[in-house]
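1. Model the structure of this input:
(chains A and B)
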Amino acid sequence: MINSSMPFACIFVPDFPVEALLRAEPELRSRLLVVLEGKAPLQKVFAANENARHAGVDPGMTKIQVEACAELVLRARSLSQETAAHAALLDCAQSFSPRVEDTACDTIILDLTGMELLFGPLPKLARDLARRASDLGLQVNVAVASNPDAAVLAARGFSGVTVIREGNETEQLGSLPVETLFVEQNPEESEPLLETFNRWGIHKLRDLAALPDAALSERLGQQGVYWQKLARGAVSRTLVPVEPPLIFEEAIELEDPVFLLEPLAFLLARMLEQLCARLESRALATQELRLQLELNNGWHEDGIPWSDVGAGILTRAQARQHFQRTLRLPVPLLDAKTFLKLLQLDLKAHPPGAPIAKIHLAAEPVRPRAAQNGLFLPPSPEPEKLELTLARIAGIVGEDKVGSLQLLDTHRPEGFRMQRFTPGEPQQKSDSIQKSEDLVTALRIFRPPAAVTVTMQDGKPAFLSCHRRKEIRGEILWAAGPWRSSGDWWEQEGWAQDEWDIAVQGENNIALYRLVRDLLSGKWLLEGEYD
Amino acid sequence: MYIELHSRSAFSFLEGASLPETLIAACANLNMPAMALLDRDGVYGSPRFHLAAKKTGLKAHIGAEVTCGLLTPVILSKSSSRSREEDESNDPYPRHYATRVGIPRSARNDKNETFRLPLLVSSRLGYQNLCRLITKMKLQAAKGEGAVHETELPEHAAGLICLTGGDDGPVALALKNGGIAEARSCVERLIEIFGHSNIYVELQRHFHREQEVRNRAAVEIARSLQLPLLATNGVCYANPDERELCDVFTAIRNHRTLATAGRLLARNSERYLKPPQEMQALFADLPEAIANTVELSSRLEFTLKDLGYKFPKYPVPEGQTMMSFLRERTREGFQQRYGRAAADLKDRARRQIERELKLIEKLELAGYFLIVWDLVRFCREEKILVQGRGSAANSAVCYSLGITAVDAVGMELLFERFLSEERGEWPDIDLDLPSGDQRERVIQYLYKRYGERGAAMTANVITYRSRMAGREMGKALGFDPETLDKVSAAVSTWEYRDQNDTFDHRFRDAGLDLTHPRLRKYFELCVAVQDLPRHLGQHSGGMVICQGQLDSVVPLEPASMPGRVVAQWDKEDCADLGIIKVDLLGLGMMAVLEDSLHLIEDHYKEEVELAHLPSDDSAVYSALQQADTIGMFQVESRAQMSCLPRLRPQRFYDIVVEVAIIRPGPIVGQMVNPYLQRRQGREPVTYPHPSLEPVLKRTLGVPLFQEQLLRIAMVAANFSGGEAEELRRAMGFKRSQARMKEIETKLRAGMTQNGISQDAQEQIILSITSFALYGFPESHAASFALIAYASAYLKCHYLAAFTAALLNNQPMGFYRPATIVKDAQRHGLKVLPIDVMKSEWNCTLEEVALRLGLRYARGLREEAGQALVRQRNLAPFTSIRDLVHRVPELRKDELNTLAEIGALNSVSSSGSPGSSKNQMQIPRFARNDNVVRDVTKNSKPETGNLKLHRRDALWQVERAVRHSGPLLDALPEPDTKSPLHPMNAEERLVADFRGTGMTVGPHPMAYHRPRMTAIGVRKASDLGRIRNGQRLRIGGCVIARQRPGTAKGFVFLSLEDETGVANAIINPDLFQKNRLLVSSEQFLMVEGILQNQDNVISVKAERVQSLSITRAPTASHDFY
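-> Model prediction:
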């Protein structure tokens, strides 16, 4: 009979990345499934199910190597699906015990003390656990033992459901290879130890368990004794239960779909107030708001940028019925009115495009910001106002056109990217900014550059006309150049261009322009005007 | 007309992307009459540039970009200071703030405190100055670093013309640092150093705005100082598309990837060799800058033709000339060599020596011969084995002087192959020395004798080959390390390639998709970078000497080995420019012979002299005839072994033939079979023409040696000796069709004149053309045959000593130590395992056996091994703990290895006598062919009365290395039995191979013999008794895999079992089907038809299968 004073169970998911994917596509379970990781063209096998491994697929092989086998089903690794699988695993565990340790992404330990009264004897409980996991789409190993680590070893080593009887750990675990001890260990630490065991001819846990304690301690120190205890299934430790996650979410299911933004704003205001109240009670603020709207059928594809599908728990099919927006704030805030205005502005710029059936609003909790800035920092606008202003500008010009400029280290013209504007950061002095002494005059860039027609004479531009700007037309009096540059030849987007600085005789005056010829397409563009 | 006077080649190492020859070819295409090469800090590429230019009739100007530290401004005269103030008022490049407020230059935060000074050589003096300047700079800094200091410039300025440089030149740097005023000051300083007439203000136009601003400043400075302008293009590659490679080099140089190199990369592709018209158009506003290139080119008189190299003089006693001194030494040697010879030979030798001495005198080469003689004398005095090889063995003077060991007169060798008047080339003397310390002593002797600036090693230019190319190009493209490993493994190659061996296939095999654009680019770059220089190494043995003035002939650099300097040119460059070199080649077998002699003297108490070995030893010839030659010099390869039973050597000359016949020349020229057929009397001996009988008689009418071909040309077509040598060179690696045609015409004309029939002419020409390139010179073969004979003699009569010496000089030869040991064991030698109580660092001889040395414990450092031996010699170790305490140099991993291979098993059985110090004289090991001893008796890994087993030792080591604190440390503790199980046979095998790369216990196959017999696998020793054509199975450990270039895709495997080695031949189809199996499995079973032709036994494979024998990591020697 099992002494049920301190029983623990371990749930282990073999081939976790594969299992995570199988939750969404269970029909692939009988096939040869391979999970790939990495960017093209250098994708490699990250994990494979047992069938695929039998066919000779090993982690680390390249995509092209495994592609030779026609029966394989290839899938890219999905971190979001793994996160979801892990959450499901936790849910499964928490539905059996309040004390759950999140040991690894594929391993969960439960304290089953007293649970027999609720769920019946331990073998049955273990089977129920496996069944529940199976209902959640995960094929798992479950082991029950008198201490957490013995349960982990058994779950990792034996497939299906295993019950280790108290006092029988050494014998029952003895047949496992010593490598089982080190599955989650850092290879730098575990490899020398494994090497030593290998040299000693210690291959099974049984062999390690049988070594004399004192002699082992003399050789491998306390660490060695610990591993031996572990091999004997005799380590007792306290569980490290996971904290219930801080989740701040509100949802409203609507009887009648909402069509207009105004009634939606009303509902949102209520939800925001509730959220803010909850956050406030925990002395937290938020830096991210996620709004998810369930739409009533009439969804059309252009409405949702794919990148906006949040944490990715949703499959593409599910996403079709959802509309999601995420507001990220530069600083933690806790002001329902500001949030509402920001959401309104955002929805105005990105209307859902269909009647709304369900509203789901989540806030990512963070610590609130300190009220006062440093004494010697320059004054900056109030974050709330700044954020509103930026949101307004973005609503007009587009999100990717607001921010602060970061020059890139490249010869490529206009080699820069937009960074999110954050106040208070010191201005970076970069070598890439031309020294003022090198600059002759200012150049006003045309955005977009104006397409022009150019007539050449003796290899130099001689006459210029612009269709879009009629005033730019005339004989080129003087031209300096070409200033030639090319680069990124190793990429598909290589570029090459000639620049000319030209003086054009206008109706009233002489104007100086920068004229560019794209050498790959042959097009002429007027890039800007010199002051 | 425009002449490019500022260009870099790939010899600027990662700063240029074209070979000098490519630049010259491009120059010729553009009808440019001349061009200058200015590589970075050296003249590395100039010989090849010069030779390529000579061939195309262009003029090659020489120069270099020399790295310099900042110049100090000149002390200003009043007028110039006034003009400076005026300058500053309207300076587009205003002076830096730092200059105005007087911050010292050293404190300014400039990244570039050095610049490149382009210097062109106008006269021989200038060239010498340039070489000395670079040498000075290189020798005072670490490898690859250093800059010329300003104060060093004036003394080396004569004969040099200075340009003001491009982006990285002095003017650009001065403009950046201090505006136009500082730039002018810089140019004034250059005028001061080089003289007003030797400065040209350089202008380059690569379509950059900033560059144009600089150009304006430069023009202004030139006008104000009345200096000529000079247009150049700062060429870095011949064609615009080579810019990509240049960008990759930039990334490699800066340890970046292309994606992260940013603006370090070139802005555009304009630094190619531009046509004169294009340059004229570019500088249409400054025509004088173009015109000046022609004017300056005409001022540059120097080319490498006027190198001014003179061979050093050898110091002779007063009243003597070098020639008279040489005559005397030759006469002394003659008495020794030919004193007891037959009158006829003596007479011929005297005449030949006189003829040679006359030529030596005429060519003023006495000094050279004396220097080499002096080296040989040094070796003799220091008891270092030395033997000359190569064409020097054709000389009777060299033989008399003791430089070579082959009697050139007795063997009727062709002197012209060594030295001829027509050739205008210095002779080439190669000395074989024992590799390792002994050779180093000879090299140091040369340095000491001729001074640091008088002798140097020749360079070895490391060029991009497939593996390095794959790795570096991949790195530049940002591949991760794992992918890099994959792709570089993919480009390793067999010697033979079939049509499936394309790059595409290799990439696919490595799991990479060539259709992806980035991989396609990678592939293109790998191909483009092939053969471009990467960096300079040092040649292993080539030395050039110039008595104190070598640095005025070629710049010298420090080598990574302290006390050594390297010239900037490689062997071929030195030869091309007429610099005499001596090759001091380290030959592993020489070291083996030398070590063997010492061991024989110490243990057998016998003194063996190589010069006086009996020349007709029956044991030697019997071993050779049976191809029992593992470990013997030059005759041990599989190909040699398959020839020996057919050739059946019976006298020394047969060994000379044997050494020469298994070469690509005779194989490709299909000479091997006819010769063997004739030798076995299966084919009549015929000659292409009766007049050739004297030439070809010795080789039964089949030409086998280079000299024979030259003699054929001399006899049949009336070529002079020098012309014949010309012919050999024309057949060299870079054959020119035109030159070949020319020589063929000449040959035909001569042969027609001598009345040789058309058919015979065809035959002769065919053999000359197919053979001259790869043939072995007879003299060289004879030198090698001497060493081969000596090695065979020692193996047959002093097996223990020879095997120990062979094992102590690994890696060398065709086989791995594991095979050598197994072969020795089969010949009755007992081999004992490593034992810390008995083993020295090297393998040693004990009473009845060979004891493996600690050097075979993998991972054991020599320093730790020697410390162990020292401590043991003081007192034997009483326990493992005692060993660990007394030899703190031993690391834990080293102790573990020693324990794992059983080297600690006898530690606690203390007081074991017989350390190698008190050896008895032991009987030598007579060769016994029939002894194929029962492997189980051969050796026991855990032998005798020892108490510990390997795991006991491992158990003790783990405790001993762990500090148990001062209290317990003091307590003595005996080694006790451990709770661990002893290793089983398989575990011991694994440990042996892992820890020593071999086992002295039974061969892995021996453990599986019953199983093998059950599945019909025959022993290697049985094959000789099985009739030809029978189907059978053989199996064993793969010890060698070969896919020779001459074998049309066939693969040859050598499979070793406990009784010997069996050979299998895999046809290309079978190989294709079992590629992975054949190229990577350790144990194979081959089924096929036995072929036994004249006792050459092999199995023609029809099926290949892997054998599961052991997990032990055995290794094979693979020739890809």
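
2. I'd like to know how far residue A:90 sits from chain B.
-> Distance of residue A:90 to chain B, computed by C-beta to the nearest C-beta, to the nearest Å: 33 Å. The C-beta positions use only the backbone N, C-alpha and C, and glycine is treated the same way.

3. thought that residue was touching residue A:107?
-> No. At 11.3 Å, residue A:90 does not count as touching residue A:107 under the criterion of C-beta atoms under 8 Å.

4. Name the residue of the stretch 51-200 of chain A that lies nearest to chain B.
-> Proximity of the stretch 51-200 of chain A to chain B (C-beta to the nearest C-beta) peaks at residue A:62, 3.2 Å away.

5. Now do the helices in the stretch 201-350 of chain A.
-> Assigned helices in the stretch 201-350 of chain A, in chain order: A:205-210, A:213-232, A:261-281, A:316-319, A:336-349 (criterion: DSSP state H, counting those that start in this stretch).

6. Between residue A:90 and residue A:107, which is the more surrounded one?
-> residue A:107 (22 against 16; other C-beta atoms under 10 Å in any protein chain shown).

7. Which residue, other than its chain neighbours, is closest to the more buried one?
-> Counting by C-beta to C-beta, 6 or more residues apart in numbering or on different chains, residue A:12 is the residue found nearest to residue A:107 once chain neighbours are left out, at 5.1 Å.

8. which residues touch the helix or strand containing residue A:134?
-> Following DSSP states H and E, one finds residue A:134 within helix A:122-135. With C-beta atoms under 8 Å, 6 or more residues apart in numbering or on different chains as the test, helix A:122-135 has contacts from A:2, A:4, A:7, A:9, A:11, A:13, A:89, A:92-93, A:95-96, A:110, A:112, A:115-116, A:119-120, A:139-144, A:160-163.

9. Just the buried subset of those residues, please.
-> A:2, A:4, A:7, A:9, A:11, A:13, A:89, A:92-93, A:96, A:110, A:112, A:115, A:139-144, A:161-163 (16 or more other C-beta atoms under 10 Å in any protein chain shown).

10. Among these, which are located in strands?
-> Counting by DSSP state E, these place A:9, A:11, A:110, A:141, A:142, A:143, A:144, A:161, A:162, A:163 in strands.

11. Chain B contacts on the stretch 151-300 of chain A?
-> A:196, A:199-202, A:210-212, A:215, A:218-221 (C-beta under 8 Å from any C-beta of the partner chain).

12. for the stretch 401-531 of chain A, that is, sorry about that
-> Going by C-beta under 8 Å from any C-beta, the residues of the stretch 401-531 of chain A near chain B are A:408-411, A:432, A:437-438, A:459, A:480-487, A:489-492, A:496, A:498.

13. still on that earlier bit, I'd guessed the residue nearest to residue A:107 sits against residue A:109; true?
-> No. The pair residue A:12 and residue A:109 fails to qualify as a contact (C-beta under 8 Å) at a distance of 9.7 Å.

14. Where does the prediction get shaky in the stretch 1-150 of chain B?
-> Residue ranges of the stretch 1-150 of chain B with pLDDT under 70: B:71-112, B:143-144.

15. I should have written the stretch 351-500 of chain A there, sorry.
-> Across the stretch 351-500 of chain A, the ranges flagged by pLDDT under 70 are A:369-381, A:423-440.

16. All the helices of it, residue numbers only.
-> Counting by DSSP H, counting those that start in this stretch, the helices of the stretch 351-500 of chain A are A:383-397.

17. contacting residues for the residue of the stretch 401-531 of chain A found nearest chain B?
-> Nearest to chain B in the stretch 401-531 of chain A, going by C-beta to the nearest C-beta, is residue A:409, at a distance of 3.0 Å. When contacts are counted by C-beta under 8 Å, 6+ apart, residue A:409 touches A:415, A:432, B:260, B:262, B:263.

18. mind listing what the closest residue in space to the first one that isn't next to it in sequence touches?
-> This points to residue A:415. Nearest residue to residue A:415, sequence neighbours excluded (C-beta to C-beta, 6+ apart): residue A:408, at 4.1 Å. Residue A:408 makes contact with A:415, A:416, A:417, A:432, B:262 under the criterion C-beta under 8 Å, 6+ apart.

19. Surely the first one and residue A:406 touch.
-> No. Applying C-beta under 8 Å, one finds residue A:415 not in contact with residue A:406, separated by 9.9 Å.

20. Pull the number of nearby residues for residue 406.
-> Using chain A here. Residue A:406: 13 neighbours (other C-beta under 10 Å).

21. actually chain B
-> 26.

22. quick check, it in a strand?
-> No. Under DSSP: H, G, I helix; E, B strand; the rest coil, residue B:406 sits outside any strand and is assigned coil.

23. now it: how far from residue B:181?
-> Distance, residue B:406 to residue B:181, using C-beta to C-beta, to the nearest Å: 72 Å.

24. State the distance from the residue nearest to residue B:849 when sequence neighbours are not counted to residue B:202.
-> For residue B:849, ignoring the flanking residues on the chain, the nearest one in space by C-beta to C-beta, 6+ apart is residue B:830 at 3.7 Å. Going from residue B:830 to residue B:202 by C-beta to C-beta gives 76 Å.

25. what touches both of residue A:12 and residue A:109?
-> residue A:152.

26. contacting residues around the helix or strand where residue B:896 lies?
-> Using DSSP H and E, residue B:896 falls within helix B:892-900. Applying C-beta under 8 Å, 6+ apart, the contact partners of helix B:892-900 are A:199, B:834, B:836, B:857-861, B:864, B:880, B:884, B:890, B:904, B:950, B:953-954, B:956-957, B:960-961, B:991, B:994-995.

27. Secondary structure element holding the residue nearest to residue B:649 when sequence neighbours are not counted?
-> The shortest distance from residue B:649 to any non-neighbouring residue, by C-beta to C-beta, 6+ apart, is to residue B:624 (4.7 Å). Using DSSP H and E, residue B:624 falls within helix B:618-625.

28. Dump stretch B:327-336 to CSV, restricted to CA.
-> Extracted in CSV, the C-alpha atoms of stretch B:327-336 (Å, rounded to 0.1, in the frame of the first residue of the first chain):
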residue,chain,number,x,y,z
ARG,B,327,89.2,22.0,-56.0
GLU,B,328,91.1,21.0,-53.0
ARG,B,329,88.0,19.9,-51.1
THR,B,330,86.8,18.0,-54.2
ARG,B,331,90.2,16.3,-54.6
GLU,B,332,90.1,15.1,-50.9
GLY,B,333,86.6,13.8,-51.4
PHE,B,334,87.5,12.1,-54.6
GLN,B,335,90.1,10.1,-52.8
GLN,B,336,87.6,9.0,-50.3
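
29. Cool, thanks, signing off.
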